[in-house]
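K.L.:
What shape does this take:
(one chain, ligands or ions: 1)
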Amino acid sequence: MDLGALPVELVAILRQHWGHQGFRPLQLQALQATLQGKDSLVILPTGGGKSILYQLPPLTKTYALSVVVTPLLALAMDQVNRCEEVTIEACTWNSETSETTKQMISKDILAGEPSYKLLYTTPESLRHPALREALLAAASNGCLMSFAIDEAHCVAEWGHNFRPAYLQLSTLKDDFPSIPIAAFTATATHEVQRSISETLQLRNPVKLQGSFNRSNIKYQVRCKEIINDGTPDAILKDLVSFLQAQEGSGIVYAHLRATCDWVASALIDADIDAAAYHAGKSTHVRRSIQQDWVDGSLTCVVATIAFGLGIDKPDCRYVVHWNPSSSLEGFYQESGRAGRDGQPCTSVLYASTQDMADLHKLEKGTRRGAVQAVNEYALAPGCRRKKLLSFFGEKDHRCSPQDQPCDFCQDPHSVTSALQKQDAAVATKSVAAACRMAGHSAARASQRALGEASDDPPDPVLAGLTRCPESVLPAQQPKRIAPPAAWSCALSGSRPVPNDLLPLGHHAGILSHTDTAQQGVLEDSPVLIDSPHGRATARDRALKDRNAWQAPALSMGSGRVGAVHGSKPINISSSSSSSKSCGSRSEPNAIGILAKPMMKRIKRGGFVAPRKA
Ligand SMILES: Nc1ncnc2c1ncn2[C@@H]1O[C@H](COP(=O)(O)OP(=O)(O)OP(=O)(O)O)[C@@H](O)[C@H]1O
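P.N.:
Numbers count the residues shown, from 1 in each chain. Model prediction:
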C-alpha cells in the first residue's frame, strides 16, 4: 500500500468493515505508526476504540497476519467473535486450542499466504515452539505485519507476580527485530508506561495518549459506615434501591466469590435480574452469563474483577464496587466499563475505613501507595474526577459543564458532611473497643474529660468519641482484649491525621493495630506508640510545627497499641526506655488514637499523657 494514500484508504477500510464514518482522535496516528513499521505505545481511555488499531492494519495487504497478545482466553474468544461480525478472518492459539487446530494454523502460516488476518494468543502460548517457528517464517517472507499487546498494563502489573510469561515478552524484539510492536492500554501511569516500554524493548515508540477523562461517567462514593448501622445488610438494602432506580444493565464488583454469590442471591430475592460470575463457576456457566449480559437478557452481573476485561457492551449503564479496588488504575478500568456508548452512566463505590485497612494489609511491595490513592479518592473530600485524572497526570481537570458531575461537584456540602459523619462513626467504634479493653472506670473518666467545655472548634472525631455509648462498657474490667477487628481505628481522609503519626505533608490515612501491638496487649505490657524515627524526632517535629499534635500516642493501663499508615508502619517502641517513659498509671486511658483537640482535653481532664523521653 502506498503510504501517501493512507488516510483515505484507511477510512475506506474502516467504513467497509465497521461502518464507522471516520476515525476518532489518535486512531489514525496509531494506525500509521504500525503501518510505517514503528513501535508504539497507545493509551486511550476504556471504550476509546483501541481494537481497530490492531485489527485494521493487516487488512491493508492481501497476505498479512497480525498477532494479538491478550491476557484472557475469554477475551480472545470475544474478540474473534467480533472479528467475524465485521468479516475479518481471525483465530486463537491458546491452551484450549486443540492440537489439530494448532497444526492447521501453523501449516497455513508456513505456506506463506496466511488465510487469517489476526491470530489471538496469550503470552504463555506465544512461546509454543510450533507457533514461534511459523511466525519466524511469516516474518521472513514478509507476511507478519505486527504484534499487538492488548491490555499492556498487565506487563507491568502481572509480569512480576503471577504471569511471568508477560516478562518474557521481552524476547519478542530479539526474535522479530523488524516487526513493529504496538502496546495498547487504557491506564498507565508514567511508571507503568516506562515499565511497558522497557519490558517490551520498544524502540523509540510513537507515544499516543488521549485524555483519560470519561466525561459521561457520574462518579459517586457511598460511605458504608453511615449507611444505617453500616452492616452488610444495610449496604445491601442501599444497593438494591440504587439498582431498582436504574434503567439498563450493569455490573456489581466484589472481591470475594462468596460475596458475589451472597449479593447476587439477595438481588434475585429483591426481584432484580442478577447472576454471580466468578472463577468458581464452570467455563460453560460463565460464558452463558457473559453472553446473556452482552445480549441484554441479563440485567446485572455480580462479579469478581475477572469479569468485563475486553467485553464490548456499549450500553452498560452502571458499575458498582461493593468493595474498593486495590488501585486507582483498577478502579478506572472497572468503572470505565460503563457507558462505552458515550451515554450518561454511573460509577458507585461503596467504601469504608475498614475496607481500606484491609487493602493496606494486603498491599504488596511493588504496589505500595496504590491503596492510599484509592483512599484519597474515596474518603477525602474533593472532585472525584479531578482525583482520578490527576492520578494519571492530567492535573487540574475537575468536573466541567461538559462532564457528568461527580457527587462532590454536585453537592460538596453533603459529601463533606457524610465524610465527617463517617469519621465520627469510626471513632465511636474505636472508642467503644478501647473502652471494652481498658474497662469501665477509664471510659467514664475519658467521658468526663471529653465533656469539658473547650474553645476548640467542633471536631467530628471528638463528637463521635463523646457519643461513646454507655451500653458498650463492660460491667467488669476484662482480662483480655476484644477480638482483633475491634482494634481497628481509622481516621478517614476528610480530616488530617495527626502529624505525629504521618510523614509531614500527608493527609488522610488509616490507623490500625499491628500484630506486634496486639501481642503487646495480650502480654499486658505498657503502651506507647512511637514514630518510625524514634520519639525524639517525632517530638522535634511537633515542636517545629505548633499545630502538630504533640503527644505521639496514648497510654493504656495494659497493653500496647500500634498503628499503621499505608506503607509506613508506626512502630511501637519496645525498648526498656520506652517502657520506662510510659510510666505506670493508676487509671488507664481508654483511647487508642487521638486528635489534637482531644489530647488537649484529656490533659485538662487530668489524664496522664505519656511522659516524654
Ligand atoms: N472511529 C470510530 N467511530 C465510531 N465508533 C468507533 C470507532 N472506533 C471504535 N469505535 C467503537 O467504540 C467501541 C469501543 O471500541 P473498542 O472495544 O475498540 O474500545 P477499547 O479502546 O478496546 O476499549 P477497552 O479498553 O475498554 O477494551 C466499539 O463499539 C467500537 O466499534
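
K.L.:
Please, which helix or strand holds Gly250?
P.N.:
In the assignment (DSSP states H and E), Gly250 maps to strand 249-253.

K.L.:
Using PDB, list the CA coordinates for that strand.
P.N.:
Coordinates of each C-alpha in strand 249-253 appear next as PDB, following Å, rounded to 0.1, in the frame of the first residue of the first chain:
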ATOM      1  CA  SER A 249     -27.800  -3.200  32.800                       C
ATOM      2  CA  GLY A 250     -24.600  -3.100  34.700                       C
ATOM      3  CA  ILE A 251     -22.000  -4.800  36.900                       C
ATOM      4  CA  VAL A 252     -21.500  -5.000  40.600                       C
ATOM      5  CA  TYR A 253     -17.900  -5.900  41.500                       C
END
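
K.L.:
For my notes, confirm Thr92 occurs in a helix.
P.N.:
No. Under DSSP: H, G, I helix; E, B strand; the rest coil, Thr92 sits outside any helix and is assigned strand.

K.L.:
The residue in the stretch 251-400 of the chain that the ligand sits nearest to: how many residues sit nearby?
P.N.:
Nearest to the ligand in the stretch 251-400 of the chain, going by Cβ to the nearest ligand atom, is Asp312, at a distance of 4.5 Å. In short, each C-beta sits where N, CA and C put it, glycine included. Counted with other Cβ atoms under 10 Å, residues neighbouring Asp312 total 14.

K.L.:
Doesn't it lie inside a helix?
P.N.:
No. Under the criterion used here (three-state DSSP), Asp312 is coil, not part of a helix.

K.L.:
Contacts only, for it.
P.N.:
Counting by Cβ atoms under 8 Å, 6 or more residues apart in numbering, Asp312 makes contact with 51, 78, 82, 294, 340.

K.L.:
One more pass at 7 Å, please.
P.N.:
82, 340 (Cβ atoms under 7 Å, 6 or more residues apart in numbering).

K.L.:
quick thing: my sequence starts at 254, can you match it?
P.N.:
Happy to do that; since the first residue is 254 now, the last one works out to Asp565.

K.L.:
do you know how far it is from Glu500?
P.N.:
According to Cβ to Cβ, to the nearest Å, Asp565 stands 20 Å off from Glu500.

K.L.:
And Phe584, by the same measure?
P.N.:
For Phe584 relative to Glu500 (Cβ to Cβ), the value is 24 Å.

K.L.:
who's more crowded, the two?
P.N.:
Set Phe584 next to Glu500 and count neighbours by other Cβ under 10 Å: Phe584 wins out with 25 against 6.

K.L.:
element containing that one?
P.N.:
Using DSSP H and E, Phe584 falls in helix 581-588.

K.L.:
do the same with Asp486
P.N.:
Going by DSSP H and E, Asp486 is in helix 485-497.

K.L.:
Next, the angle strand 502-506 makes with that helix.
P.N.:
Counting by axes from the mean of the first three to the mean of the last three Cα atoms, to 10 degrees, helix 485-497 lies at 160 degrees to strand 502-506.

K.L.:
Distance check, Ser541 against Trp575.
P.N.:
23 Å.

K.L.:
returning to that earlier point: give me the residues contacting the helix holding Phe584.
P.N.:
So helix 581-588 is in contact with 299, 406, 439-440, 470, 506, 558, 561, 572, 574, 578, 600, 626-627, 630, 641, 644, going by Cβ under 7 Å, 6+ apart.

K.L.:
give me the subset of these touching the ligand.
P.N.:
The residues of these that also fall near the ligand, by Cβ under 6 Å from any ligand atom, are 299, 439.

K.L.:
and the contacts of helix 581-588, which of them are in helices?
P.N.:
Under the assignment DSSP state H, those contribute 406, 626-627, 630, 641, 644 to helices.

K.L.:
Count the neighbours of Pro577 for me.
P.N.:
That count, for Pro577 with other Cβ under 10 Å as the rule, works out to 27.

K.L.:
which residues sit in contact with it?
P.N.:
Pro577 neighbours (Cβ under 7 Å, 6+ apart): 602, 604, 608-609, 612, 627, 631.

K.L.:
Dump the residues you listed to a markdown table, plus neighbour count.
P.N.:
Output for the contacts of Pro577, formatted as a markdown table (neighbours: other Cβ atoms under 10 Å):
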| residue | neighbour count |
| --- | --- |
| Leu602 | 25 |
| Ala604 | 25 |
| Asp608 | 24 |
| Met609 | 25 |
| Leu612 | 22 |
| Val627 | 25 |
| Ala631 | 28 |
